[in-house]
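Peer 1: this one's sequence-less:
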Ligand code: NAP
């Protein structure tokens, strides 16, 4: 039997319902058995201001995905030293999975925001990424879907209405004292409150 595995890459600062709906929608469309969320370590392109610790972002992702048997969270990116590069994410996960199943029995899909994916030609080793996974860019309604110049069989863009929710908006709401109820899973809201994140 072939395995079809999604890798959901993101900073998840914090994870929200838009991410969960997007992962579920892509799992449905591409018939994925598993989606592995991979919170970034130090995002190479960002200053850490306003960024919750890797451990907080990882634990919030664990809390958010706990009830869905298709979803899991990997530490590959937060445990690797240095900036997070997607080619390393895929290489490490594929090496782990090769211990369970031969590499030629698995189809891999790397899922992330279409905005992030638009810059992929500037990422480390884009050819290596394309050789390892089909790319899926998810985006919010009204946002123009633009293919970042990749061959059509290399990438798919998917519109997800729930992505009207954004991590930036959630952080701004917390900072302003506005509620985030129903934008993030209840357990994530409790974690943010308990650990005084994003104030
Ligand atoms: P970002 O620039 O913070 O995000 C850009 C947009 O995409 C935001 O609107 C963001 O919304 C959305 N987004 C990000 N991840 C998403 C996801 N999994 N599902 C739905 N929307 C998502 O992007 P980032 O989080 O830093 O990076 C995304 C992924 O690309 C990570 O896995 C990162 O390691 C990888 N990446 C790799 C390289 C490289 O290899 N050189 C360079 C850049 C990014 P929210 O803020 O609401 O999530």
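Peer 2: Arrived safely. Note that this is a predicted model, so its numbers are computed, not measured.
Peer 1: What average pLDDT does stretch 16-35 get?
Peer 2: Summarised as a single mean, pLDDT over stretch 16-35 is 98.
Peer 1: ok, and what's touching it?
Peer 2: Taking contacts as Cβ atoms under 8 Å, 6 or more residues apart in numbering, the residues outside stretch 16-35 that touch it are 3-8, 10, 12, 37, 64-65, 68, 70-72, 109, 111, 134, 136, 138, 140, 158, 160-167, 170, 182-185, 188. C-betas here are computed from N, CA, C, even on glycine.
Peer 1: Where do the strands of the protein begin and end?
Peer 2: Along the chain, the segments classed as strands by DSSP state E run 3-10, 34-39, 42-43, 71-73, 83-84, 106-113, 134-139, 155-159.
Peer 1: where among the ones you listed is the average confidence lowest?
Peer 2: Per-stretch mean pLDDT for these is lowest at strand 42-43 (a mean of 70).
Peer 1: Write out the residues of this protein neighbouring the ligand.
Peer 2: Counting by Cβ under 6 Å from any ligand atom, the residues of the chain lying close to the ligand are 8-11, 19, 22, 40, 43-45, 84-86, 111-113, 115-116, 123-124, 138, 163, 166-168.
Peer 1: re the thing from before, most tightly surrounded among the strands of the chain?
Peer 2: strand 34-39 (a mean of 24; mean count of other Cβ atoms under 10 Å).
Peer 1: ok, the residue of the chain found nearest the ligand to residue 167 distance?
Peer 2: When you check the chain against the ligand by Cβ to the nearest ligand atom, the closest residue turns out to be residue 113, at 1.9 Å. When Cβ to Cβ, to the nearest Å is the yardstick, residue 113 and residue 167 sit 10 Å from each other.
Peer 1: now do residue 72
Peer 2: As judged by Cβ to Cβ, residue 72 and residue 167 stand 20 Å apart.
Peer 1: okay, now the residue nearest to residue 184 when sequence neighbours are not counted: neighbour count?
Peer 2: Taking Cβ to Cβ, 6 or more residues apart in numbering as the measure, residue 184 lies nearest to residue 16, with 4.8 Å between them; neighbours along the chain are not counted. Counted with other Cβ atoms under 10 Å, the neighbours of residue 16 add up to 25.
Peer 1: same deal with the one 10 residues further on?
Peer 2: Counted with other Cβ under 10 Å, the neighbours of residue 26 add up to 20.
Peer 1: Show which residue of the chain lies farthest from the average position.
Peer 2: Summary for the chain: using Cα atoms, centre = their mean, the residue whose C-alpha lies farthest from the chain's mean C-alpha position is residue 177, with a distance of 26.5 Å.
Peer 1: how close does it get to residue 91?
Peer 2: Taking Cβ to Cβ, one finds residue 177 at 43 Å from residue 91.
Peer 1: again, but for residue 28
Peer 2: Counting by Cβ to Cβ, the gap from residue 28 to residue 91 is 27 Å.
Peer 1: With neighbour numbers in mind, choose between these two.
Peer 2: Ranked by neighbour count (other Cβ under 10 Å), residue 28 and residue 91 place residue 91 first, with 16 against 10.
Peer 1: That one and residue 160: what is the separation?
Peer 2: Residue 91 sits at a distance of 27 Å from residue 160 (criterion: Cβ to Cβ).
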